[in-house]
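kindly return the folded structure for what I paste below:
(one chain, ligands or ions: 1)
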Amino acid sequence: MEKMLEVKNLSTVFNTDNGTVQAVRDVSFDVGKGEILGIVGESGSGKSQTMFSCMGLLAGNGRVANGEILLDGKNISPLAFNTSKDYEDTMSDIRGNDMAMIFQDPMTFLNPVLTIESQLTEPILNHNDISKKEAHDRAIELMKKVGIPSPESRIKQYPFQFSGGMRQRIIIAIALACNPKLIIADEPTTALDVTIQAQVLELIQKLRDDLGSSVIMITHDLGVVASMCDRIAIMYGGKIVEIGTADEIFYNPKHPYTKGLLSCIANPEDKEKKQLNPIPGSPPDLLNIGNWCPFVDRCDKAMKICKMKMPSQEDYSDTHHASCWLSHPLAKEGEGE
Ligand code: SF4
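Next up is the predicted model:
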């Protein structure tokens, strides 16, 4: 599959009063054209900061310390990392035309005192040389595409006049305004109830099918990505600890953290009503993280070597990779015990 996005050895840090937070640590992955990749992890695992780094949207105290980003084969690292003179203009063009983000909280993203029309036509007018009438027509078309009924009258309304699910559809319409090649959805269903969640996920999947865009779905909930992602990357402690196709992750997980996430998902068809097993403990402090397995303090399979060295990546298939000492020959020989 041709690649839409390639991220190579990305490391992102944040300077704080207490020291340097290593939010993203040597992360590499790619997304194919027309593919949906899920990035799953707990809060603070580095999943959102990875994508903010790619879009040049880091907070003022953040910076990319290392890495390379290729979008549709073009190296955009100097722009995304704000080290190019053309940063402001060119990166803003890339963000509108080539990649767009669907943010998680519509009420924070939408301006409550502006009509939907002005918020939807703004990116269209900024990125295209067209008249206000043409932008208005395009906005109506986008509202229809994301399933908002009576768009001709509703376009004049304000965000508070829409339900949570409809507001999230407007956010998706804004992201689609310039037909981006890559859509990054950052926890797009977190603020929604379960039935609306399903509708929004279905919509994102349908848009990928209709428009052929690539999608990166960031979520803390493995259940959310189960039915819609082609591949899934599991992040923990600023690193990708396992990546594979959805089937490989769900039916043949290798990393103890992935197994732990799966054991937290309720199965309504389970007649035995097995108890859910939450992962004990809390995520590591990225301010003081060592160069060893980040999951060591919560892992019931941990060995001595796990706290001495970072596990190298093991390949289980062309698409399935995990970083855990358990699959290393030395660990099997008991060297790490
Ligand atoms: Fe557990 Fe060790 Fe594997 Fe880390 S490397 S997940 S601590 S067994």
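
only C-alpha atoms from now on, for both contacts and neighbour counts.
OK.

quick one: low-confidence ranges for this structure?
Across the chain, the ranges flagged by pLDDT under 70 are 191, 268-271, 273, 330, 332-337.

who in it is up against the ligand?
255-256, 293, 295-296, 299, 301-303, 306, 311, 324-326 (Cα under 6 Å from any ligand atom).

which residues does the residue in the stretch 101-250 of the chain that the ligand sits nearest to contact?
At 8.4 Å from the ligand, residue 241 is the closest residue in the stretch 101-250 of the chain, using Cα to the nearest ligand atom. Residues near residue 241 by Cα atoms under 8 Å, 6 or more residues apart in numbering: 233-235, 255, 322-324.

go on, residue 282?
For residue 282, the contact set (Cα under 8 Å, 6+ apart) comprises residue 298.

same check on the one 5 residues further on?
The neighbours of residue 287, taking Cα under 8 Å, 6+ apart as the test, are 18-22.

what does stretch 187-203 contact?
102-105, 146, 164-165, 168-169, 217-220, 228.

which residues in this protein form strands?
3-16, 19-32, 36-40, 62-71, 74-75, 99-102, 182-186, 214-219, 231-236, 239-245, 313-315, 321-323 (DSSP state E).

among the ones you listed, which is the most enclosed?
Of all the strands of the chain, strand 36-40 has the most neighbours on average by mean count of other Cα atoms under 10 Å, namely a mean of 28.

and for residue 163, the neighbour number?
11 (other Cα atoms under 10 Å).

how near is it to residue 316?
45 Å (Cα to Cα, to the nearest Å).

same question for residue 184.
From residue 184 to residue 316 the distance is 28 Å (Cα to Cα).

one more: residue 170?
For residue 170, the distance to residue 316 - Cα to Cα - is 41 Å.

more neighbours, those two?
In terms of neighbours (other Cα under 10 Å), residue 170 is the more surrounded of residue 170 and residue 316; the figures are 26 against 14.

let me see the contact set for that one.
116, 120, 143, 146.

most proximal residue of the stretch 151-300 of the chain with respect to the ligand?
residue 296 (3.6 Å).

near the closest residue to residue 266 other than its chain neighbours, how many other residues are there?
Among residues not flanking residue 266 along the chain, residue 276 sits closest, at 6.8 Å (Cα to Cα, 6 or more residues apart in numbering). Number of residues near residue 276 (other Cα under 10 Å) recorded here: 13.
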